[in-house]
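Enquirer: below is the structure, and that's it, no one-letter string:
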């Protein structure tokens with residue numbers, strides 16, 4: 001079965017690894033994985049480009065052609081260059097060994113030039129060839145330059161809105177597919193809805209606040225998105241549980257959607273209403289998760305600043 005490689009940002013590394021694994025298993029439940037530092041190898045029938053396009057923290061990705069014991073390549077290794085006119089070589093060193101990276105890349109480029117008709121192009125190559133070194137294993141692989149997906153626009157924002165990266169990673173961690181629907185009962189400026197639609201996932205947003213409701217509508221419209229917006233108390237989601245497959249939300253800790261209700265009691269009420277058989281990702285202020293009694297399968301702490309850490313709960 002094909003193997004793909006993903007070099008991840010070291011920001012929230014555990015979550016980044018779990019996200020790539022979750023995406024692979026969303027489309028192939030038999031997908032397997034192993035990791036070395038911030039490198040994760042996925043064995044799956046799913047194309048690496050599909051996983052990388054959805055993932056939030058992937059810096060570099062491609063397909064593994066073989067494991068290596070050293071820098072020994074033969075002509076059969078360059079079948080991938082058969083229809084390529086240009087190439088570039090990249091060395092990624094995740095091991096404790098010291099390498100002269102530029103010298104190795106130049107030597108590898110000279111070797112490839114002798115074994116194929118492709119020419120070196122460091123700016124816009126058809127194929128990028130990789131040698132990846134770790135303390136355990138070395139890998140030989142390739143990728144093709146890709147154009148990043150267009151980011152959704154936001155015409156209006158809010159200082160305390162959900163970060164788009166966290167919204168996207170939560171959607172991926174619960175394994176929602178294209179065509180399925182996510183619900184955000186505290187949708188704010190619509191970050192969850194925008195990220196969902198950018199991945200081909202339908203969305204329903206609920207917000208009691210008239211201003212937030214209007215901002216979400218505007219942000220959706222500027223992107224031509226069709227998420228359903230409802231101006232109502234969060235409890236509205238209980239009336240349409242057959243309309244969505246999962247819930248992704250950032251709990252408005254300290255801010256009540258009804259001024260007559262205590263924020264903590266409001267959130268506890270929300271958690272008590274959560275459907276049992278839906279995929280759920282919730283973010284809250286660290287420490288408050290102990291009061292939610294959710295029994296999550298996984299939690300992640302997200303450090304914001306010295307006085308605020310948020311926690312993501314996956315169920």
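Expert: Received the coordinates, thanks. Keep in mind the model is a prediction, meaning the values are calculated, not measured. Residues are numbered from 1 along each chain as shown.
Enquirer: when you work out contacts or count neighbours from here on, use the C-alpha atoms and nothing else.
Expert: Will do.
Enquirer: low-confidence stretches in the stretch 201-315 of the chain?
Expert: 253-261, 263 (pLDDT under 70).
Enquirer: apply 80 and report the result again.
Expert: 253-266, 291, 293, 304-307 (pLDDT under 80).
Enquirer: how about the strands in it?
Expert: Ranges of strands in the stretch 201-315 of the chain, per DSSP state E, counting those that start in this stretch, are 202-207, 228-231, 246-250, 279-285, 298-305, 308-314.
Enquirer: okay, the ones you listed, which one's buried deepest?
Expert: strand 202-207 (a mean of 26; mean count of other CA atoms under 10 Å).
Enquirer: quick one on the thing from earlier: nearest to residue 146, out of the strands of the stretch 201-315 of the chain?
Expert: strand 202-207 (25.1 Å; CA to CA).
Enquirer: returning to what we had before: dump the strands of the stretch 201-315 of the chain into JSON lines; add distance to residue 99 as well.
Expert: As requested, those are exported to JSON lines (distance: least, CA to CA, whole Å):
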{"stretch": "strand 202-207", "distance to residue 99": "47"}
{"stretch": "strand 228-231", "distance to residue 99": "54"}
{"stretch": "strand 246-250", "distance to residue 99": "44"}
{"stretch": "strand 279-285", "distance to residue 99": "42"}
{"stretch": "strand 298-305", "distance to residue 99": "34"}
{"stretch": "strand 308-314", "distance to residue 99": "38"}
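Enquirer: looking at those strands, which is closest to residue 88?
Expert: Closest among the strands of the stretch 201-315 of the chain, using CA to CA: strand 298-305, at 36.6 Å.
Enquirer: ok, that closest one: who's next to it in the sheet?
Expert: Looking at strand 298-305 with DSSP bridges, its partner strands are strand 308-314 (antiparallel).
Enquirer: for the strand it pairs with, which outside residues touch it?
Expert: 170, 173-174, 280-286, 289, 296-304 (CA atoms under 8 Å, 6 or more residues apart in numbering).
Enquirer: all helices for the protein, in order.
Expert: 13-27, 48-54, 101-115, 164-173, 191-198, 210-222, 263-272, 289-292 (DSSP state H).
Enquirer: ranking those helices by burial, who's on top?
Expert: helix 191-198 (a mean of 26).
Enquirer: bridged to residue 285, which residues?
Expert: residue 310.
Enquirer: ok, which of the strands of the stretch 201-315 of the chain comes nearest residue 151?
Expert: Of the strands of the stretch 201-315 of the chain, nearest to residue 151 by CA to CA is strand 202-207, at 16.6 Å.
Enquirer: and the closest one, what other elements does it pack with?
Expert: strand 181-184, helix 191-198, strand 228-231 (3 or more CA pairs under 8 Å, 6 or more residues apart in numbering; DSSP states H and E).
Enquirer: so which of the ones you listed gets nearest residue 132?
Expert: Across the helices and strands packed on strand 202-207, closest to residue 132 is helix 191-198 (CA to CA), at 31.4 Å.
Enquirer: can you check which of the strands of the stretch 201-315 of the chain gets nearest to residue 3?
Expert: Judging these by CA to CA, what sits closest to residue 3 is strand 298-305, at 25.9 Å.
Enquirer: got the angle between the closest one and strand 279-285?
Expert: 30 degrees (axes from the mean of the first three to the mean of the last three CA atoms, to 10 degrees).
Enquirer: just how off-centre is strand 298-305 within its chain?
Expert: 15 Å (CA atoms, centre = their mean, to the nearest Å).
Enquirer: do stretch 100-108 as well
Expert: 32 Å.
Enquirer: got the contact list for it?
Expert: 89, 90, 91.
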